[in-house]
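>>> got a predicted structure here, sequence first:
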Amino acid sequence: MPDWLNITLRAVGAVAYLFLLTKIIGKRQIKQLTYIEYIVGISIGSIAAFMATEMDGPIYHSLIAMGVFALFPVVMEWLSLKSKFLRDFFESKSTVLIKEGKILEDNLKKERLTAEDLMEQLRVKNVFRVADVEFALMETSGEISVLLKSESQPVTPKHLELKVAPSEENQVVIMDGVIMDEPLATAGLNRRWVRTELQKAGVALENVFLGQVDKGGELYLDLYDDKLMVPGAQAMKLAFATLKKCQADLELYALSTKNEQMKRTYQTDSEQLQQIIDQVKPFMMR
């Protein structure tokens, strides 16, 4: 067998075996590395490179060595689940870097971080003033988690006691000018609905790069030609405006009638409709 073909086959075999070992070790090693996983990753990579280029020794020696190294993180993770002491030993602990706006210099030195490193990590979290930080710590993965002081946190609808629509999973129903039947069925819609919406927008299917529909049934369209503007969906806004008009008409009837019984009826209906409007507004005015 020619050397180039032998090396090619060994390299393909090494990659396939590495992929299998990575699947066994799990996703965590890809997301974050512990000390053991870092060592194992380097060692397995070196063995795989040796396996692909060294043609004198038997290939199964390298496979056995990689398998043994791959067992280490699996065993260490199993032991860590059984013992808090071993978990802290293998993965270390989180380190507090900032507390109540004060940088803990000793902990910073312990993690071998400079002030510049800390400020860079804070800026990544969109934090530019140390005084705004209530609590910051370095996780075992090396990431820095930051909790801002209450007065420095962004205002949310909860702070303002506002009701907002819950987050919804949008379905991509058109991709590259092709209607996607499975997500369309998941949204409870069909191809006729898509074509009707495209007709309302005055857009041809083949001109749509991406079409996305939300739970409210509104279709967002992104066209190949970025210069073309697609009119926004108005169905929900028109329905909301109609409700507001009905509520205003009821108030007007209550003011214009001289019949006390009808006046009270109109006022009651107007108040009830206003309550309904307040409840559906977060869902209709997005």
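Yes, it's here. Since the model is a prediction, treat every value here as computed from it, not as a measurement.

>>> show me which helix or strand of the chain is least confident by mean pLDDT.
Sorting the helices and strands of the chain by mean pLDDT, DSSP states H and E puts helix 28-31 at the bottom, at a mean of 49.

>>> the chain - how does it break down into domains?
Domains of the chain are assigned by automatic domain parsing as 3-89, 95-152, 171-232, 236-284.

>>> quick one: the last one to chain centroid distance?
Translated: domain 236-284. Offset of domain 236-284 from its chain centre (C-alpha atoms, centre = their mean, to the nearest Å): 40 Å.

>>> so residue 99 sits against residue 146, correct?
No: assessed by C-beta atoms under 8 Å, residue 99 is found out of contact with residue 146, at 11.9 Å. C-beta here means a position set from N, CA and C on the backbone, and glycine is covered the same way.

>>> look at those two and report which has more neighbours.
The neighbour comparison of residue 99 against residue 146 (other C-beta atoms under 10 Å) goes to residue 146, with 18 against 14.

>>> and the more buried one, what is it in contact with?
The contact partners of residue 146, taken as C-beta atoms under 8 Å, 6 or more residues apart in numbering, are 98, 122, 125, 127, 133, 135, 136.

>>> is it true that residue 110 touches residue 94?
No: using C-beta under 8 Å, residue 110 makes no contact with residue 94, being 11.9 Å away.

>>> and the next element down the chain from the strand or helix carrying residue 41?
Assigned by DSSP states H and E, residue 41 belongs to helix 35-53. Heading C-terminal from helix 35-53, the first helix or strand you meet, by DSSP H and E, is helix 59-82.

>>> what pLDDT, on average, does that next one get?
Helix 59-82 carries an average pLDDT of 75.

>>> export that helix to CSV, keeping only CA atoms.
C-alpha atoms of helix 59-82 as CSV (Å, rounded to 0.1, in the frame of the first residue of the first chain):
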residue,chain,number,x,y,z
ILE,A,59,-2.6,1.0,14.8
TYR,A,60,-4.4,-0.7,17.7
HIS,A,61,-1.8,0.5,20.1
SER,A,62,-2.9,4.1,19.5
LEU,A,63,-6.5,3.2,19.7
ILE,A,64,-6.1,1.6,23.1
ALA,A,65,-4.1,4.6,24.4
MET,A,66,-6.8,7.0,23.2
GLY,A,67,-9.5,4.9,24.7
VAL,A,68,-7.8,4.8,28.1
PHE,A,69,-7.3,8.6,28.1
ALA,A,70,-11.0,9.0,27.1
LEU,A,71,-12.1,7.0,30.1
PHE,A,72,-10.5,9.5,32.6
PRO,A,73,-13.1,12.3,32.2
VAL,A,74,-16.0,9.8,32.2
VAL,A,75,-14.7,8.3,35.5
MET,A,76,-13.9,11.7,37.0
GLU,A,77,-17.4,13.0,36.2
TRP,A,78,-19.0,9.9,37.7
LEU,A,79,-16.9,10.3,40.9
SER,A,80,-17.7,14.1,41.0
LEU,A,81,-21.4,13.3,41.0
LYS,A,82,-20.9,11.0,44.0
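
>>> make 5 the starting number, not 1.
Noted, 5 is the first residue going forward, which turns the last one into helix 63-86.

>>> so what's residue 17 up against?
Shown in contact with residue 17 (C-beta under 8 Å, 6+ apart): 55, 63.

>>> you'd agree it is in a helix?
Yes: under DSSP: H, G, I helix; E, B strand; the rest coil, residue 17 sits within a helix.

>>> give me the element residue 100 is part of.
Using DSSP H and E, residue 100 sits within strand 99-103.

>>> tell me the mean pLDDT over that strand?
91.

>>> adjacent strands (with direction) for it?
The strands beside strand 99-103 in its sheet (DSSP bridges) come out as strand 106-107 (antiparallel), strand 137-142 (antiparallel).

>>> turn these into a markdown table, including distance to residue 244 and mean neighbour count.
Shown next, in a markdown table, are these (distance: least, C-beta to C-beta, whole Å; neighbours: other C-beta atoms under 10 Å):
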| stretch | distance to residue 244 | mean neighbour count |
| --- | --- | --- |
| strand 106-107 | 49 | 13 |
| strand 137-142 | 40 | 20 |
